[in-house]
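[1] give me coordinates for this.
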Amino acid sequence: MSNAVKPHVINFPAFGNPAEGYIAVNQYAQALPFEVKRTFWTYHTPEAVTRGRHAHHNTQMVLIAAAGKIIVDLEEADGTVSQHVLESPTVGLYIPAMTWHVMKYSHNAIQIVFASSDYDESDYIREYQVFQSLINSKD
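    Below you'll find the model as predicted:
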């Protein structure tokens, strides 16, 4: 698994100024490590709600906090655990396949997600014990 792509931050260029506002730009072929097949967003998530709590067999994602703050806890297939705080629309977090992820949101958070595949329920690993079994069987 040492050759696997690790979670990492992607910085998107931004242009503008305080008087007029800003635009952040994503040239898909330049910034993202996959072809985008699906884009979705979450909003109005109560602070007491934890989302995610799953991994994907094949789907890769980039998460962006377009507004507010999102705390993302990750567990990689090699056992590495990390926490990332997203609170800038110019910063994305790349999450590779086979990475358990859990998100917590501020009350005003808007999350944009770029995904490498169309929605497919069979791609989801929704039970943590199943995720653990799958990553342990690859050793």
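[2] from now on I want contacts and neighbour counts done on CA atoms only, so please keep to that.
    OK.
[3] grab the longest helix from the protein for me.
    Across the chain, the helix with the greatest residue count (assigned by DSSP state H) is helix 128-137.
[4] tell me where the model's unsure across the protein.
    Scanning the chain for pLDDT under 70 picks out 1-4, 28-30, 139.
[5] ranges for the strands of this structure?
    Listed in chain order, the strands of the chain (DSSP state E) span 8-11, 14-17, 21-24, 38-43, 50-56, 61-67, 70-75, 81-86, 91-95, 100-105, 110-115, 124-125.
[6] which one of the ones you listed lies closest to residue 134?
    strand 124-125 (9.5 Å; CA to CA).
[7] which strands and helices lie in contact with the closest one?
    Here strand 124-125 touches strand 50-56, going by 3 or more CA pairs under 8 Å, 6 or more residues apart in numbering; DSSP states H and E.
[8] now do the strand it packs on against strand 38-43, angle only.
    Angle of strand 50-56 versus strand 38-43, following axes from the mean of the first three to the mean of the last three CA atoms, to 10 degrees, is 160 degrees.
[9] with mean neighbour count and distance to residue 32 as extra columns, can I get the strands of the chain in CSV?
    Written out in CSV, the entries for those read as follows (neighbours: other CA atoms under 10 Å; distance: least, CA to CA, whole Å):
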stretch, mean neighbour count, distance to residue 32
strand 8-11, 16, 8
strand 14-17, 10, 16
strand 21-24, 12, 14
strand 38-43, 13, 13
strand 50-56, 17, 18
strand 61-67, 23, 8
strand 70-75, 19, 19
strand 81-86, 16, 17
strand 91-95, 22, 8
strand 100-105, 21, 19
strand 110-115, 22, 9
strand 124-125, 18, 21
